[in-house]
Structure formats: structure tokens, C-alpha cells
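Asks: Can you look at this prediction? I've put the sequence above it.
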Amino acid sequence: MKKLLFLALLAGGAWWYASRHFDFHDTLAYAKSHPSAVWAQPAVYSVGLVYYGRADYPKAQEAFTQLLTDYPTGQYTAHALMRLSEVADENRDYATEKQALDRFLQDFPDDPNREIAQKRRDLLYNK
């Protein structure tokens, strides 16, 4: 049990350090040049999440847009559409937010986040 806790703390510490001290733009470029690699899609999504966590919304929007462009029907598509709508809202890019929410609502009618997406889409009329 102590080993598992130690490994979890070590992994968390490494992630925290890397997310604070490294620029992940090179990861996006490398993943773009290797689109068929099994690690590319999760790496791009993770980069978007790191930028989102840093509140670097323009870079997060770039990462999620790249993910949705390179992998339009991948395993992270639904989550990336929701995150893209959130960062586009933060960037005041309401056209992108609307497109992301519309695509989410159209492509994922049974997703548990559908109600949230619909409410966020309805709120766009007030902006």
C-alpha cells in the first residue's frame, strides 16, 4: 500500500512539475507529424487539458481544435468538443463555441453531458 501511494505521489509530482516548467507546443507539432501513433490522440488531449488547467485558453483552444481536426471521430471527440466550447467562451470566440456545441449535440445525442451542452447553447443567444 505504501508503494502504491508513493508511486501515485511521484507521478502526481512529476506531472505538476512538467505542467509548470515545460512548453507543450512541441508535443502538438510532434503529434501532428505522427497522426497514426497510438499515443498521439491522448497526448494532444492531455496538452489541451494542461493548457486549460494553466488558464492559457488560446493555447488550449489550439490543442482541442487540432485534436478535433486530426481525429474527428476519435475516442476524445465528445470531451474535446465540450472543452473547446468552454475555452472558446473564455476567449470570447462565440462562433467557435456555437459550432462546438452544435456538433456535440448533433453527434452525441445520448451523451450524459447533453443537457449541459444544450443549456450552454441556449445561453449563447444572450451573448
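Replies: Perfect, I can see it now.
Asks: Going by C-alpha atoms from here, please, whenever you check contacts or count neighbours.
Replies: Noted.
Asks: Quick check: what element follows the helix or strand where residue 30 lies along the chain?
Replies: According to DSSP states H and E, residue 30 maps onto helix 25-33. Using DSSP H and E, the next helix or strand after helix 25-33 towards the C-terminus is helix 40-53.
Asks: Which pLDDT value goes with residue 125?
Replies: As predicted, residue 125 sits at a pLDDT of 74.
Asks: how about it, what does it touch?
Replies: Not one residue lies near residue 125 by C-alpha atoms under 8 Å, 6 or more residues apart in numbering.
Asks: The chain: helices as residue ranges?
Replies: 2-21, 25-33, 40-53, 57-70, 77-90, 94-107, 114-123 (DSSP state H).
Asks: buried sites along the shortest one?
Replies: Looking back up the chat, that one is helix 25-33. Across helix 25-33, burial judged by 16 or more other C-alpha atoms under 10 Å covers 28, 31, 32.
Asks: what residues does that helix touch?
Replies: Residues outside helix 25-33 that contact it (C-alpha under 8 Å, 6+ apart): 37, 40, 41, 43, 44, 47, 63, 70.
Asks: Return the distance of that helix from the chain's centre.
Replies: Chain-centre distance of helix 25-33: 15 Å, with C-alpha atoms, centre = their mean, to the nearest Å.
Asks: do stretch 98-118 as well
Replies: Centroid separation for stretch 98-118 versus its chain: 15 Å, with C-alpha atoms, centre = their mean.
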